[in-house]
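>>> 3D, please:
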Amino acid sequence: MSTTDNVADADDEPTPLGASETEELTRSARKSQRASRRAAKQDRKTRMVEDDDEIVFVYEPYTRYVPPLRPYLRELWRRRAFAQEMARAKVRGKRSGSALGGVWSLLDPMFMVGIYYFLFTVIREGARPATFVPMLISGILHFQLTSSALNEGGSSVAGSTNLMLNSTFPRMLLPLSTIYAGIVGFLPSIVIIFGALVLLDVDLSVHLFWWFPIFALQMFISLGLALIISTAVVFFADIKNILTYITRIIFFTSPVIYPAEFLSTEIINAIRWSPFFGVFFNYQRIINATRPDWGMMTISIGWAIGSVLVGAWLFLRYEREFASHG
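Numbering: from 1, shown residues only. Just a heads-up that it's a prediction; the model follows:
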């Protein structure tokens, strides 16, 4: 073999790489793999497609526990008209086919007021506060709002499978719209409560303005529990069947139909941690022209913050699985 052939064969063989060059190629390959994985994850997240200057959300399973909160909250706010219309449809649905319409939503709690008044004044004789009747009216009308949030809000997701399959929207709008509908239906009750205070010559003190923060705490606790229950009902249908019992337990462990002053210290210490005990305890105090109890307010604030945080996390964690399990 000639010298020229040897040179040609030597040129055809690959030149060995040094250690530093091999490490550089390895790092480049790893970076490329990481970039590919990030791109795949990003592609599996909620995609946004621009169509005629409108953002259309394509809902797909999360690759994280919860979605980014800022875009989610922006989308909730952007769809607020959708939630309001769902709430109005619920209210119209309850009033349709009835001559008296929304009056029935007030007759039922007032009938309950009559029953419990009969039990406490006729069957159970004894001393009772002068403000017993307005406290009874206030307690039952306020609790009806919470009962609606827990029962209807808790079932709102499981009962909207077809809507979720055919529409793209943040699913949290479902329990939110139910609670909004409950508040709209509660507005006439405010007139009844205030009218009872005036007609029964109850002292209208400045402490009545505490109604606004107490009512806000009631709504936040109701929202948090509704988010937890609505998530659980999707995966465990039997929970829907025990909602009535859960509502009754909350009803009787809260001073809704009985004056809190009748309770002994031992009983109050035992049931004060019930979600709505502090709320209805303070409703009674402001009707009695007394400022709210700060300890009970603290417990209510804790329930409001804790239930909303836990409920929102749980709801968002499993939101993308609702339609397939409904």
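>>> okay, CA-based contacts and neighbour counts for the rest of this
Fine.
>>> Which parts of the stretch 51-200 of the chain are strands?
54-58 (DSSP state E, counting those that start in this stretch).
>>> and the residue nearest the centre of the chain, what does it touch?
Central residue of the chain (Cα atoms, centre = their mean): L223, 3.2 Å from the mean position. Contact analysis of L223 by Cα atoms under 8 Å, 6 or more residues apart in numbering lists 149, 175-176, 179, 307-308.
>>> Let me know the distance separating it from L197.
Distance, L223 to L197, using Cα to Cα, to the nearest Å: 28 Å.
>>> What of P213?
In terms of Cα to Cα, P213 sits 20 Å off from L197.
>>> And those two? Which one has more around it.
The neighbour comparison of P213 against L197 (other Cα atoms under 10 Å) goes to L197, with 20 against 13.
>>> excluding its backbone neighbours, what's nearest that one?
By the measure of Cα to Cα, 6 or more residues apart in numbering, the closest residue to L197 outside its immediate chain neighbours is P134, 6.1 Å from it.
>>> thought that neighbour was touching A196?
Yes: counting by Cα atoms under 8 Å, A196 is a contact partner of P134 at 5.7 Å.
>>> related to what we said a few turns ago, element containing the residue nearest to the centre of the chain?
helix 211-235 (DSSP states H and E).
>>> thinking again about what came up before, for the residue nearest to L197, give me its contacts.
193, 196-197, 200, 287.
>>> Which entries within the residues you listed meet the buried criterion?
Among the contacts of P134, the ones that count as buried by 16 or more other Cα atoms under 10 Å are 193, 196-197, 287.
>>> What about the contacts of L223, which are in helices?
If you go by DSSP state H, those have 149, 175-176, 179, 307-308 in helices.
>>> Most neighbours among those, which one is it?
Using other Cα under 10 Å as the neighbour test, the ones in helices among the contacts of L223 are led by A149, with 30 neighbours.
>>> Name all residues that make contact with that one.
A149 is in contact with 175, 178-179, 182, 222-223, 226, counting by Cα under 8 Å, 6+ apart.
>>> I'd like these laid out as TSV, including pLDDT and distance to K240.
What follows is these, written out as TSV (pLDDT from 0 to 100; distance: Cα to Cα, whole Å):
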residue	pLDDT	distance to K240
P175	89	15
T178	89	16
I179	90	17
G182	88	19
S222	95	16
L223	94	17
A226	93	12
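>>> what about the helices in the chain?
Using DSSP H, helices in the chain cover 3-12, 19-44, 69-78, 80-95, 104-118, 132-155, 161-166, 173-199, 211-235, 238-252, 265-271, 277-287, 294-318, 322-325.
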